[in-house]
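>>> Return a 3D structure for these sequence lines:
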Amino acid sequence: QPATRATGWDTPYPHAQEWEYFPGPARVGRALIETLQA
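Numbering: from 1, shown residues only. From the prediction side, this is the model:
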C-alpha cells in the first residue's frame, strides 16, 4: 500500500484558504491510524 499523504499538496494554493490547505490534528491523526492499521 502506498504511503499516506498527511501534508499539503505540492501545488499552489489560494492564501485566503491557507488553513484549509494545511493538515490539522484530525487529518494527521487519521493518517497515522490508517498507516498503523495497514
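>>> which is the next helix or strand following the helix or strand of the chain with the lowest mean pLDDT?
Lowest by mean pLDDT, DSSP states H and E among the helices and strands of the chain is helix 18-21, with a mean of 73. Downstream of helix 18-21, the next assigned helix or strand under DSSP states H and E is helix 25-37.
>>> which parts of stretch 16-36 are buried?
For stretch 16-36, the neighbour count (16 or more other Cβ atoms under 10 Å) marks residue 31 as buried. Yep, even glycine has a C-beta here, placed from its N, CA and C like the rest.
>>> Does anything pack onto the least confident helix or strand of the chain? Which helices or strands?
Using 3 or more Cβ pairs under 8 Å, 6 or more residues apart in numbering; DSSP states H and E, no helix or strand is in contact with helix 18-21.
>>> export it as CSV, just CAs?
Extracted C-alpha coordinates of helix 18-21, given in CSV (Å, rounded to 0.1, in the frame of the first residue of the first chain):
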residue,chain,number,x,y,z
GLU,A,18,-4.4,28.7,3.8
TRP,A,19,-5.6,26.9,6.9
GLU,A,20,-7.8,24.6,4.9
TYR,A,21,-4.7,23.6,2.9
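>>> Determine how far it lies from the middle of the whole chain.
Chain-centre distance of helix 18-21: 11 Å, with Cα atoms, centre = their mean, to the nearest Å.
>>> quick one: contacts for the spatially most central residue of the chain?
Nearest to the geometric centre of the chain sits residue 6, at 2.7 Å (Cα atoms, centre = their mean). Contact partners of residue 6, counting by Cβ atoms under 8 Å, 6 or more residues apart in numbering, are 23, 27, 28, 31, 32.
>>> quick one: the spatially closest residue to the second one that is not a sequence neighbour and residue 32, what's the gap?
What it means is residue 27. Excluding its sequence neighbours, the residue lying closest to residue 27 (Cβ to Cβ, 6 or more residues apart in numbering) is residue 6, at 6.0 Å. Per Cβ to Cβ, to the nearest Å, residue 6 is found 8 Å from residue 32.
>>> quick one: contacts for residue 31?
Counting by Cβ under 8 Å, 6+ apart, residue 31 has contacts 4, 5, 6, 23.
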